Every structure is written in C-alpha cells, then in structure tokens.
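Chemist: Next one to model:
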Amino acid sequence: MRKSAQYAGAIGSSLIYPRLSVADVKRFAGKTLRINWPSGVLHFNIARALIKNFSNETGIKIELDSSDPDRSKVKVFEACAKPVNDYDLIVFNMGWKAALLKFGYLSNLAVLFSNPSLAVPDYQLDDLVRGYVQAVGMSNHTQHNNKLFGLPFGCQTSIFAYRKDIFAEHHLSAPVTYDELQRLLIRIRLRAKMPAMTAALGSSKSMIDSWLLHFFPQGENIFREDWHSNFASDSGQRTMDLLKLIRDTGPDNVMDFNSQENLEAFLKGEAAVYIDSTSVLGQFRNAFPDAHILDRVGYALHPRGHRYAARCDGYGLGIPNNSAEPEAAFIFAQWMSSRESDLTIVKRGGDPQRISTIMNPTIRKLYPEIAILKNQLMQATPEWRPNIPEWDDISTTFVANILRTGLKNNVPNEALLGSLDRQLNNRMKQLGYIKA
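Modeler: Residues are numbered from 1 along each chain as shown. Got it, this is the predicted structure:
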C-alpha cells in the first residue's frame, strides 16, 4: 500500500539519530515555548505533570494554553494563519490533520530528525505504534511522500470490554463477529435483565465516531472511488441496525451519552458490554478509583464484520511552519513522546504510544490485561475516517445531526440513509469532489 511505502521512506533505516550532547540541549535554555493543550483529556492531564521535569533538564520553559478540544481547534487554525504563530508546538486531533496539511501549516519533522544537533539519540521512531504514526503523521497525497508531520501522543484504538461475572453467570462468550455481537446483546438483555451495551451517541462528534467505529469493519468506505456517499450501502444498513439495537437494549439514556459518559457508564457497571476507546483498559484503574467493576472486566478483540478493523483516534504533536521556536519545540516533542516519558505516562494511567511500553515487564505486571493491546493494534486502521480536509466539519454538522435524529426517531434505514447520501453528494459536488 502507498502508506506503508511512505512510512518506510519517512522513518525507515535511512534516518540516522546522532547523539545529542548536553550542550546542544542547553543552547535552548531560557527559551519559552507556548503550546495549546487539550483540557479534560486524561492522557494530557497525566502528561502535564512531566513538563516540570523537562524544564529542569533543558532549561526550556513551557506555557500551556489549555482549552476544550473544540475551542482548541479554532485557536490553532487562527494561530497558524498568522505571520508568526501564537504556538511554537501544536497539539492537534487526527481529524484536523487533513485541513492542516491542505493549508501547509505543518512542518516536515523528517527534516528535523535528520539534523544531528536536534535528533535525540535512541529515540527509536520505529518503536511508535505504526498505525498511530500513519494516522497522525502521514498523508496519502503524492506531494507528502517521505514526509512526517506529527508524532502520536494520546492516540487510542478500540477494543471489546465485557463483564466477566455476568458472562459466566449466563453462559455467554465474547463475540468474534458482528453477527454474534447482535445476538449477544439480545441475550444479555433477556437473560441478565440489564442494559446490554453502552455507546456514545449524544453529541455530534460522538455520534459520527460511533458510526465510523462500527461502519468501517463492515467492509466498505464512507465514499466510493468517485466520491459518491456510501451511507445507504449494505455496510450502512448493518451499521444502523446495530445502533438501533444498542439503543433498544442499552441504558435508557444511551442516546444522551458523550464519549466520557459512555466510558463511565460501563465503569460504573451500568452495562455489560463496551466497544470503544482503549481508555477502558485496566491501566485506568488509577484514574477511576471508584470504578468498582474493573476487576471483573474481560477484554477481547474488536469484532469482525467483513474485515477486521479498529479505530485510530487521538492526538499528535506537530510544529507549525510559522513557529517562532521550531527547534526547541522539536526537542520538547521528542522528549514528551520518548520511551521513558511514554512508560511513565502509562504507569500513571495514560495511553501507550509505543510497542516497548506495551511489552514492558513492569507494565505487564501492573496491568496484565494490556497484553491484548498488541494484537488489537495490528487491526488499528489509520484510514477509518475519510482523509479529506472538509470531513471534520461536514461530519459533525449535518451528517451527524441526520444520523442522530433518524436514530432517535426510528426513521426507516432506507429513507434515512438514502436522504443522507443525496444531501452529502450535493455537498461533495459543491466542494468539487464529484464532477458534474
């Protein structure tokens, strides 16, 4: 595949990581870096505590501009459009990447990695989860070949989590396929007399993420090769059938859950099944001390539809092209995403970004359940969301609203998805993707 070739070209054996001396770091001492920082995101809350150590080691001061992800997006794009950026390093969501690249806002980190005075020794770029690197830092456009635009930080995939005690009591087993999942949800509701599965269906972003979470494994993509919308396809019909089943067998207020409420509902024992972010894995017991059911939770791979596919979502660290301090910012990006920092963050409850962290004996002893993550990451799919600049805005405005309204009002699939395809096709014509 093209992306695999890009990955090898951008971060393969041709890159050399020279030793970085203390003097090289200290030449940045006294500089101050300004960075946007997502608030309310657990990984970043944990990582924030490490910044003081970075400043003590390098003499580089850090100023964080914390805001919620939606506000942070607005501020990042406004700053990138200025002659000199307000931020020296930006934290960006994967959903923003295509737009950032469209406007040429991100620097090519491969150039910085090749600089002997900047590349940290033993950084081991190839230790980062490959799917995360591709999703955050790579692009399938020809002009971006052999370039790297971001480092994964706070990335996640999806996983199947379930209540072992309830499954054992009612002779249930984790599903391998989506057909088995649908039968399982009905059995849980009938046998266990409790909500079967929780989901994030309450906000526009969570609605579209939940749709993609279950749509992509069904075997088709949101857009066909000619850019016509594919919501009314067989994959779309199966996805909507599943979401309706989750609505009917899940918690009474499942239509109101955002992603955090979705996770917390499962952690509090309000549903027997959760398929979503790997935030649910046992290393988060430190962050959720009141989650009394964690010792009774089992894990399995995200079920298969016509293909195995799991989400790739989260954040990356990038350096804007108009950064006032790109070199010092690069030092920070490497330090914060290094093997040592990743290990420390995961010990405290963050998301692993490196294979070495997942395989670390201390981590395996602390959180035995993390072992499944290595296999799940083999299915993490960088292309799980459409990689076009307009998708983030399109999907979280009218696409999500149509899906959520139709799901809430039980609109028949054919009418709902057919109408959505027609409206989305008109939008794609306006944008120039579909030719008249």
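Chemist: now the helices: where do they sit in the stretch 251-400 of the chain?
Modeler: 259-267, 326-336, 339-347, 355-359, 361-366, 371-377, 391-394, 400-408 (DSSP state H, counting those that start in this stretch).
Chemist: Contacts for the first one, please.
Modeler: Right, the one you point to is helix 259-267. Applying Cβ atoms under 8 Å, 6 or more residues apart in numbering, the contact partners of helix 259-267 are 40, 161, 198-200, 202, 205-206, 209, 251, 254, 257, 271, 273-274, 276-277, 279-280, 288, 291, 293-294. Where C-beta positions appear, they are placed from N, C-alpha and C, glycine not excepted.
Chemist: quick one, domains of the protein?
Modeler: The chain breaks down by automatic domain parsing into domains covering 2-155+313-377, 158-300.
Chemist: tell me the average confidence for the first one?
Modeler: For domain 2-155+313-377, the per-residue pLDDT values average out at 87.
Chemist: Can you turn the buried subset of the contacts of helix 259-267 into a selection I can paste into ChimeraX?
Modeler: To isolate in ChimeraX the members of those that are buried, counting by 16 or more other Cβ atoms under 10 Å, one can use:
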select :161,198,199,200,202,205,206,209,251,254,257,271,273,274,276,277,279,280,288,291,294
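Chemist: Among the contacts of helix 259-267, name the ones in strands.
Modeler: Ala161, Thr198, Val273, Tyr274, Asp276, Ser277 (DSSP state E).
Chemist: biggest separation within those, which pair?
Modeler: Greatest spatial distance among the ones in strands among the contacts of helix 259-267 (Cβ to Cβ): Val273 and Ser277, at 14.2 Å.
Chemist: list the contacts for Asp88?
Modeler: Shown in contact with Asp88 (Cβ under 8 Å, 6+ apart): Leu33, Arg34, Ile35, Ile319, Pro320, Ser323, Ala324, Glu325, Pro326, Ala328, Ala329.
Chemist: oh sorry, the question was meant for Leu185
Modeler: By Cβ under 8 Å, 6+ apart, the residues touching Leu185 are Ala196, Met197, Leu245, Ile246, Thr249, Gly250, Val273.
Chemist: How about it, nearest residue that isn't a chain neighbour?
Modeler: Spatial nearest neighbour of Leu185, excluding adjacent residues (Cβ to Cβ, 6 or more residues apart in numbering): Ala196 at 4.1 Å.
Chemist: would you turn the contacts of Asp88 into JSON lines with distance to Lys61?
Modeler: What follows is these, written out as JSON lines (distance: Cβ to Cβ, whole Å):
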{"residue": "Leu33", "distance to Lys61": "7"}
{"residue": "Arg34", "distance to Lys61": "10"}
{"residue": "Ile35", "distance to Lys61": "11"}
{"residue": "Ile319", "distance to Lys61": "17"}
{"residue": "Pro320", "distance to Lys61": "19"}
{"residue": "Ser323", "distance to Lys61": "16"}
{"residue": "Ala324", "distance to Lys61": "14"}
{"residue": "Glu325", "distance to Lys61": "11"}
{"residue": "Pro326", "distance to Lys61": "16"}
{"residue": "Ala328", "distance to Lys61": "10"}
{"residue": "Ala329", "distance to Lys61": "13"}
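Chemist: re earlier: out of the helices of the stretch 251-400 of the chain, which is closest to Ser107?
Modeler: Evaluated over the helices of the stretch 251-400 of the chain, closeness to Ser107 peaks at helix 326-336, with 6.2 Å, by Cβ to Cβ.
Chemist: on contacts alone, who are the packing partners of the closest one?
Modeler: Secondary structure elements in contact with helix 326-336, counted by 3 or more Cβ pairs under 8 Å, 6 or more residues apart in numbering; DSSP states H and E, are strand 32-38, helix 51-58, helix 109-113.
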